[in-house]
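Fold the following, please.
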Amino acid sequence: METGKNLQGERADQRDVFNAAMEAGHILLENGAEISRVEETIDRICRHFGVESENAFVLSNGIFLTAGNENEKRFAKVLHIPVHGVQLQRVAAVNQLSREIEENKYELWQVSEKLKQIREQPGKSKRTLVLMSGLGSGCFCLLFGGGLQDCTAAFVIGILLYCYLLAIGERFSKIVANIGGGMLITILSILFIKLPFHMDMGHIISGAIMPLVPGVAFTNGIRDIADGDYISGTVRMIDAILVFLSIAAGVGFIIGAYHQFTGGAVL
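Below you'll find the model as predicted:
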């Protein structure tokens with residue numbers, strides 16, 4: 001009877017280990033971590049708590065976790081993870097937690113509590129995001145060769161762009177949202193070059209579109225392909241390329257329409 005209770009408790013512990021590992025992988029993947037990091041973290045947690053038969057298969061929007069042999073109970077779980085925005089502070093927190101687990105700083109129940117705290121970490125405030133969007137746009141405009149007046153225009157457009165993104169939320173698809181963002185940037189840039197400050201539209205647009213550019217997704221796609229995760233890397237690359245094309249479509253549409261209405265180029 002006692003042996004049966006011990007076996008039941010051991011199975012419950014194994015299930016808790018798997019759930020904690022899946023939760024860690026979930027947080028990493030939905031916040032922009034690369035595939036190899038997710039697989040490594042799941043493997044670290046499982047092996048540290050004595051599960052040797054774990055096998056994780058991670059894609060860009062899903063985790064497949066299986067385990068079991070003659071000594072460990074069978075376990076299988078599939079978790080679909082929609083693509084969200086990047087929260088690198090959560091990725092860093094889970095990454096640090098996995099290393100502290102290997103240093104025996106946490107019991108299993110503490111790991112679950114810590115993961116819950118990481119998931120509930122507040123992101124940056126909307127005011128901060130709006131301000132950083134403006135500063136990023138202005139700085140990139142300067143980096144691309146824009147003058148002070150161009151950077152000022154890009155700063156204002158970057159702020160208005162992020163206000164637009166916050167306003168639409170997730171009510172539209174990524175493609176539609178980025179086409180609209182590209183159109184908004186171009187319309188505002190045209191209005192700025194009409195002011196008597198001798199601004200350059202090309203520099204303004206180049207800086208202002210940077211908050212829309214999926215740099216982390218594109219970089220992670222390249223890293224995944226380099227690590228041999230061709231499916232996930234290709235999916236992320238395609239997603240990033242679609243965003244690039246959507247932004248270009250929005251910008252190109254407004255420039256083309258302006259050219260047709262005015263009979264002259266604006267660049």
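
Please make it C-alpha for all contacts and neighbour counts, starting now.
OK.

residues touching Leu108, list them.
Leu108 makes contact with Asp16, Val17, Phe49, according to Cα atoms under 8 Å, 6 or more residues apart in numbering.

Swap in 7 Å and give it another go.
The contact partners of Leu108, taken as Cα atoms under 7 Å, 6 or more residues apart in numbering, number zero.

Look up how far Phe18 lies from it.
Here Leu108 is placed at a distance of 11 Å from Phe18 (Cα to Cα, to the nearest Å).

for His80, same thing?
Distance, His80 to Phe18, using Cα to Cα: 16 Å.

More neighbours: which of these two?
Taking other Cα atoms under 10 Å, His80 and Phe18 do not tie; Phe18 has more neighbours (25 against 12).

in what helix or strand does the residue positioned nearest the centre of the chain lie?
Nearest to the mean C-alpha position of the chain, counting by Cα atoms, centre = their mean, stands Val86 at 2.8 Å. Counting by DSSP states H and E, there is no helix or strand that carries Val86.

gap between it and Asp227?
21 Å.

same thing with Ile118?
27 Å.

which residues of the stretch 101-250 of the chain fall in strands?
For the stretch 101-250 of the chain, applying DSSP state E, counting those that start in this stretch gives no strands.

all helices for it, in order.
For the stretch 101-250 of the chain, applying DSSP state H, counting those that start in this stretch gives helices covering 108-119, 126-143, 148-168, 174-193, 201-208, 215-226, 230-262.

Check which element follows the helix or strand of the chain with the lowest mean pLDDT along the chain.
Sorting the helices and strands of the chain by mean pLDDT, DSSP states H and E puts helix 2-30 at the bottom, at a mean of 71. Next helix or strand after helix 2-30 toward the C-terminus (DSSP H and E): helix 35-48.
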